[in-house]
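Participant: need coordinates for the below:
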Amino acid sequence: LNPGETLYIPALWFHHVTASSSSASVAINAFFRALPKNCYDPKDLYGNKDLPVAVRSSIDAQKIGESLSHLPEPYRSFYAQRAIDALQQALE
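Facilitator: Model (predicted):
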């Protein structure tokens, strides 16, 4: 970017920015809610936090992984793939 320019990064896009010179630079993160209000944590004023449903889903996925981790290979991978396939099918 040149001086005075702005970089817009859409929500949920991973990014990494490095200054190309030793001069000062400023980064401002501004988040705006894009989903209906009931999708967000009521204490999350700007939509910065992960959505509650995403947090619960990640916890559930971790529990599934932990329960399958006790199986020996190749059973662990087989049943993990079945769980992944079931999740993908549910999302279609």
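Participant: residue 82: how many residues sit nearby?
Facilitator: Using other C-beta atoms under 10 Å, residue 82 is surrounded by 11 other residues. All C-beta spots, glycine's among them, are computed from the backbone N, C-alpha and C.
Participant: residue 59: which element?
Facilitator: Taking DSSP states H and E as the definition, residue 59 sits inside helix 52-68.
Participant: check which helices and strands the next helix or strand after that helix is in contact with.
Facilitator: Using DSSP H and E, the helix or strand that follows helix 52-68 towards the C-terminus is helix 75-91. Counting contacts by 3 or more C-beta pairs under 8 Å, 6 or more residues apart in numbering; DSSP states H and E, helix 75-91 packs against helix 52-68.
Participant: low-confidence ranges, the chain, go.
Facilitator: Within the chain, not a single segment meets pLDDT under 70.
Participant: gap between residue 81 and residue 63?
Facilitator: In this view, residue 81 and residue 63 are 17 Å apart by C-beta to C-beta, to the nearest Å.
Participant: re the thing from before, so how far is the helix holding residue 59 from its chain's centroid?
Facilitator: Computed by C-alpha atoms, centre = their mean, to the nearest Å, the chain-centroid distance of helix 52-68 equals 13 Å.
Participant: tell me which residues in that helix are buried?
Facilitator: Judged by neighbour count using 16 or more other C-beta atoms under 10 Å, the buried positions of helix 52-68 are residue 68.
Participant: can I get that helix as CSV, trimmed to CA atoms?
Facilitator: Once non-C-alpha atoms are left out, helix 52-68 reads as follows in CSV (Å, rounded to 0.1, in the frame of the first residue of the first chain):
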residue,chain,number,x,y,z
PRO,A,52,-21.7,-19.0,20.2
VAL,A,53,-22.8,-21.7,17.8
ALA,A,54,-19.2,-22.0,16.5
VAL,A,55,-17.8,-22.1,20.0
ARG,A,56,-20.2,-24.9,20.9
SER,A,57,-19.5,-26.8,17.7
SER,A,58,-15.7,-26.6,18.2
ILE,A,59,-16.2,-28.0,21.7
ASP,A,60,-18.3,-30.8,20.3
ALA,A,61,-15.7,-31.6,17.7
GLN,A,62,-13.0,-31.7,20.3
LYS,A,63,-15.0,-34.1,22.4
ILE,A,64,-15.5,-36.4,19.3
GLY,A,65,-11.7,-36.3,18.7
GLU,A,66,-11.0,-37.1,22.3
SER,A,67,-13.3,-40.1,22.3
LEU,A,68,-11.9,-41.4,19.0
